[in-house]
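A.B. asks: Fold the following, please.
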Amino acid sequence: MSRKVPVEASAGSEPREPRAAAGARQALASLRTSPGFRLLWVSNLFFYGGAWTQTLVMGWLVFDTTGSEFLLAVFTAVRLAPMLLGPFAGVLCDRYDRVRLLMIACLWALGAVVVVAAMAAFGQVSYGALVAGGLAIGLAQSPSQPPRASLVLDLVGRENLSNANALNALAMNMTQVIGPAIGGAMISAFGAPTALWISTTWYVVSLAALWPLRGVGHRTPGRPEPVLKMLTSGFRTVLTSRLTSAVLLVTLAANVLLWPVHQAFMPVFAKEVLGLDAAGLGWLLTCGGLGGLAGSLVIAMLGDFKFKGGLFVIGTAAWGTLWSLFALSRTVPLSFALMACIGLMSASFGVLQTTLLLMTTEPEVRGRALGLQELAIGVMPFASLGLGVAARSVGVGATTFLSGILLVAVLLTLAARVPQLLGYSGVQMP
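C.D. replies: A predicted model of the protein is given here:
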């Protein structure tokens, strides 16, 4: 009977790392190699986790105290309104120390939630106070986006930017799924006021993670320009770049045509099209969330890959096509599978829009470029109203189908007009 002899590595050779282990190492490259990015990632995780948790708890208190769907919608609109301040946040990002801006945002949000939690604990919280609290969280979250994104490039460099942004997207998807779940569990276990008190610790952890990064943020040397001059000159510089303008146009088109569908229409698809209950809706959204996590992880594993622009355009077009197919689906298993694929392909848009925007702009105007991106995202609540009117006239399925087709048409036109975007790798400035 023969006996298998173990094969030893030849002299001078190193044992080959298992493929799965190598993939995991590549996916976590920025977290492994950059201590500064690790701290920023932890700060982002707890900051956004706190914001999503508190938004759910305050929304619960709004509906519990008013019983009005309309007033809840007003609260949500006010909570998202600071996204429209993105251009001014971009100026602050280019003008002041970025870490200090983030620390101020943490302290601002912490103070606002403490006030609302104290009022709720004594039974004195009013609808106006809840709306003001939601606005305060929005003012801390949305305007801090440009400095958070700019710091990523400061900490990891261009070669790890795609990986780091994918890891940030992974954290964002996790907080959007886990944050509300934790908030709901705390409301059930302790009540809304106690849930708010507990959630304030998220900001404390976020602030503590930022503390060692003091001094990393960019400062404008010498006397800075006036704010309005910085605003106009920066936007002129950003928008004269064909590549940067093309990336911003895709962001705008996606937030006008399809992200409102995900935010507003999913309960309609679940109940009226697929015949699902609330639990079914939750599982449908979970499929999309898991797909998004998987997509972010795949991009993280790619590292500093070539043809970032090609994946951005083609992946976003595939995302739009999948939404159109989802609008046509009438079977539950197919819809669940399509939603998972939608989440998977959404990562090519969500991760690479910021990566390409940072790579195609000069360092001195990156904050303002990210401010324009935040403004493009901020149109989503208004676009939701327009798509809602269209859905009332032709139905939610037809509206979603046409929105997906229109997004694909925008991308095809863009690829024809700005072909250099398809081959852009980010190796060097354009």
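
A.B. asks: Which elements pack onto the lengthiest helix in the chain?
C.D. replies: Across the chain, the longest stretch assigned as helix under DSSP state H is helix 35-66. When contacts are defined as 3 or more C-beta pairs under 8 Å, 6 or more residues apart in numbering; DSSP states H and E, helix 35-66 packs onto helix 29-33, helix 69-80, helix 98-121, helix 127-141, helix 145-156, helix 161-190, helix 192-210. Every C-beta, even on glycine, is put in place using the N, C-alpha and C of the backbone.

A.B. asks: Which one, of those helices, ends up nearest to residue 420?
C.D. replies: helix 161-190 (18.2 Å; C-beta to C-beta).

A.B. asks: Please work out the angle formed by the directions of that closest one and helix 145-156.
C.D. replies: If you take axes from the mean of the first three to the mean of the last three C-alpha atoms, to 10 degrees, helix 161-190 sits at 130 degrees to helix 145-156.

A.B. asks: If you count neighbours, what's buried in helix 161-190?
C.D. replies: 161-177, 179-180, 182-183, 186-187 (16 or more other C-beta atoms under 10 Å).

A.B. asks: and it, what other elements does it pack with?
C.D. replies: helix 19-27, helix 29-33, helix 35-66, helix 145-156, helix 192-210, helix 278-302, helix 332-359.

A.B. asks: Find me the pLDDT at the closest residue to residue 156 other than its chain neighbours, would you?
C.D. replies: Of all residues not flanking residue 156 in the chain, residue 164 sits nearest, at 4.5 Å (C-beta to C-beta, 6 or more residues apart in numbering). For residue 164, the model assigns a pLDDT of 85.

A.B. asks: what's residue 164 in contact with, if anything?
C.D. replies: 30, 34, 37, 152, 155, 156 (C-beta atoms under 8 Å, 6 or more residues apart in numbering).

A.B. asks: Recalculate using a threshold of 7 Å.
C.D. replies: 30, 37, 152, 156 (C-beta atoms under 7 Å, 6 or more residues apart in numbering).

A.B. asks: ditto for residue 266
C.D. replies: 281, 284, 285.

A.B. asks: redo that, cut-off 10 Å
C.D. replies: Counting by C-beta atoms under 10 Å, 6 or more residues apart in numbering, residue 266 touches 281, 284, 285, 288, 339, 396.

A.B. asks: Now residue 360, what are its backbone angles?
C.D. replies: phi -100, psi 10 (degrees, to the nearest 10).

A.B. asks: That one contacts residue 243, doesn't it?
C.D. replies: Yes: between residue 360 and residue 243 there is a contact at 4.4 Å, judged by C-beta atoms under 10 Å.

A.B. asks: who has more neighbours, these two?
C.D. replies: Shown here are residue 360 and residue 243; by other C-beta atoms under 10 Å, residue 360 has more neighbours (24 against 19).

A.B. asks: how close does the more buried one get to residue 321?
C.D. replies: 26 Å (C-beta to C-beta, to the nearest Å).

A.B. asks: Also residue 283?
C.D. replies: Taken as C-beta to C-beta, the span from residue 283 to residue 321 is 23 Å.

A.B. asks: Which of the two has more residues huddled nearby?
C.D. replies: residue 321 (17 against 13).

A.B. asks: what pLDDT does that one get?
C.D. replies: For residue 321, pLDDT reads 96.

A.B. asks: Report the contact partners of residue 376.
C.D. replies: 83, 86, 247-256, 353.

A.B. asks: Next one, pLDDT for residue 316 please.
C.D. replies: 94.
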